[in-house]
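Asker: Just to be clear, the model below is a prediction. Sequence and coordinates:
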Amino acid sequence: MKAVSPEASFAPATEITRIGRDPARFDGFVNTPVVRGSTVLSASYDDLVNHRGRYSYGRRGNPTSEALEQAISRLEGAAGTVLTPSGLSAISVALLSVLESGDHLLMVDTAYNPTRKICDGVLARYGIEVSYYDPKVGAGIVDLLRPNTRAIFLESPGSQSMEVQDVPAIVSVARERGITTLIDNTWATPLFLKPLEMGVDVSIMAGTKYVSGHSDVNLGTIAVNARMWKRVLQTHGDMGICVSPDDAALGLRGLRTMLVRLERHWKSAIEVATWMKAQPQVAEVRYPALEGDAGHALWKRDFTGACGLFSVILKPVPEPAFAAFFDSLALFGMGYSWGGFESLIIPFDCSTYRTATQWQPGGPAMRLQIGLEDPADLIADLAQGFACLEAAR
Ligand SMILES: *Cc1c(COP(=O)(O)O)cnc(C)c1O
């Protein structure tokens, strides 16, 4: 096989088959092996005391975790990437890397709810002020800055309610003032949104979702630009965060099919969301990729695709009838997380924890993850669900 220069760049579909592996280094095996280990032996006293080895200790990385880090860095256009054992720990490590006691953090009101818990719990205990902002604030974020504002955290689209943020507008305000920006990019993945290219400093993913793609692992990634890389790497290392090589290998394995899976999730989600929108029980579908969605114009400007996750708000319906809909579904599992091959559904209500925005949708809400099943089967399942809802009214 002809060698290709490491600088060569290919289309995303090609790139994703090549990144994070080096068969020549592992006797020709296509995939980077799972290297389990804590201790790494040095060949000599000189190598040991002068840290000449490529690896120093299992916690600080091994060939398997390094392969996934390099792959994510390529996708994100990052100076470096660190891995964490879950998406939530990626968020906490990134925030603790950037912030210091006395700092102020602007957190988007529509963040993944456990992210709020980090802010109101650990960060508050360590003397970090947090205030929440409306995801639609755009350049108006400038009015929310305080003299001690160190960082702005974004998540787009917002968890559950699906608002698309004007990332470039917020980044431009932050950049002018040396404020660090971080984004939770789990929904789009770097295949469909490139935050670092837009000037964001830190791009975080729950690798648990589409990177893994099979609902069988928790994983987090923190991809960082040159400005913040040393700080994140140091904090991550000092805190002793590492992932098992088996989990890193699952991440690498999922990555190979991430683009084809996402393209199918997206196509099927458009089909199911369009059908949902036409049902008499449905008040609103929130899916930025769908024409008519409030965030569609921003999505079209900044994103190159969409995943299979969207939300639906029903017209008012008694709770037992709403419950009957859920209980009647055969192809939609009821459970947390998303990004796997299987369809999922959960009810949600943001009204108890949002503080900068009001959640008054006028009816019960649910979030759907459209999996890799045939969309016609999914629509048939939802149709019989609405029939059960009507029967239970
Ligand atoms: C699931 C999720 C996380 C957390 O990932 P875990 O691996 O479950 O900790 C973070 N952000 C978003 C947007 C998520 O959906």
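Answerer: Perfect, I can see it now. None of these values were measured; they are calculated from a predicted model.

Asker: And the helices in this structure?
Answerer: 12-18, 45-49, 63-76, 87-98, 113-118, 124-125, 167-176, 189-192, 226-238, 245-255, 258-277, 296-302, 319-328, 375-392 (DSSP state H).

Asker: what's the distance between the longest one and the middle of its chain?
Answerer: When you say that, I think you mean helix 258-277. Put simply, helix 258-277 sits 18 Å off its chain's centre (CA atoms, centre = their mean, to the nearest Å).

Asker: Contacts for stretch 29-46, please.
Answerer: Here stretch 29-46 makes contact (CB atoms under 8 Å, 6 or more residues apart in numbering) with 20-23, 26, 48, 52-53, 55-59, 62-64, 67, 245-246, 248-249, 252-253. All C-beta spots, glycine's among them, are computed from the backbone N, C-alpha and C.

Asker: restrict the residues you listed to contacts with the ligand.
Answerer: Among these, not one lies near the ligand by CB under 6 Å from any ligand atom.

Asker: Now, of those residues, which are buried?
Answerer: 20, 21, 58, 62, 63, 64, 67, 245, 248, 249, 252, 253 (16 or more other CB atoms under 10 Å).

Asker: Now flag whichever of these is closest to the ligand.
Answerer: Closest approach between the buried ones among the contacts of stretch 29-46 and the ligand, by CB to the nearest ligand atom: residue 248, at 14.1 Å.

Asker: near the ligand, which residues of the chain show up?
Answerer: Contacts of the chain with the ligand, taken as CB under 6 Å from any ligand atom, map to 86, 87, 88, 112, 159, 184, 186, 206, 208, 209, 218, 337.

Asker: Report the lowest-confidence entry in these.
Answerer: Confidence by pLDDT is poorest for residue 337 among the residues of the chain next to the ligand, given 93.

Asker: neighbours of that one, just the number please.
Answerer: The tally of other residues near residue 337 (other CB atoms under 10 Å) stands at 15.

Asker: residue contacts, the closest residue in space to residue 388 that isn't next to it in sequence?
Answerer: The shortest distance from residue 388 to any residue other than its chain neighbours is 3.8 Å, reached at residue 328 (CB to CB, 6 or more residues apart in numbering). Neighbour list for residue 328: 384, 385, 388, 389 [criterion: CB under 8 Å, 6+ apart].

Asker: and those, which are buried?
Answerer: 385, 388, 389.

Asker: Out of these, which comes closest to the ligand?
Answerer: residue 385 (23.8 Å).

Asker: domain parsing for this structure?
Answerer: 12-256, 258-391 (automatic domain parsing).

Asker: So which of these is nearest residue 3?
Answerer: Across those, residue 3 has its closest neighbour in domain 12-256 (8.3 Å, CB to CB).

Asker: how much space is there between residue 128 and the ligand?
Answerer: In this view, residue 128 and the ligand are 19 Å apart by CB to the nearest ligand atom, to the nearest Å.

Asker: That residue - how many residues pack around it?
Answerer: For residue 128, using other CB under 10 Å, the count is 22.

Asker: again with residue 227
Answerer: By the measure other CB under 10 Å, the count of residues near residue 227 is 13.

Asker: so what's it scoring on pLDDT?
Answerer: For residue 227, the model assigns a pLDDT of 98.

Asker: which ones are touching it?
Answerer: By CB under 8 Å, 6+ apart, the neighbours of residue 227 are 180, 201.

Asker: tell me the most buried of the domains of the chain?
Answerer: Most buried of those by mean neighbour count (mean count of other CB atoms under 10 Å) is domain 12-256; its value is a mean of 19.

Asker: so how far is the first residue of that domain from its last?
Answerer: End-to-end distance for domain 12-256: 11 Å, by CA to CA, to the nearest Å.

Asker: I'd assumed residue 236 was in contact with residue 93.
Answerer: Yes - if you go by CB atoms under 8 Å, residue 93 and residue 236 touch, sitting 5.5 Å apart.

Asker: Are there residues contacting both of the two? Which ones?
Answerer: Any residue near both residue 93 and residue 236 by CB under 8 Å, 6+ apart counts here, and that gives 82, 84, 222.
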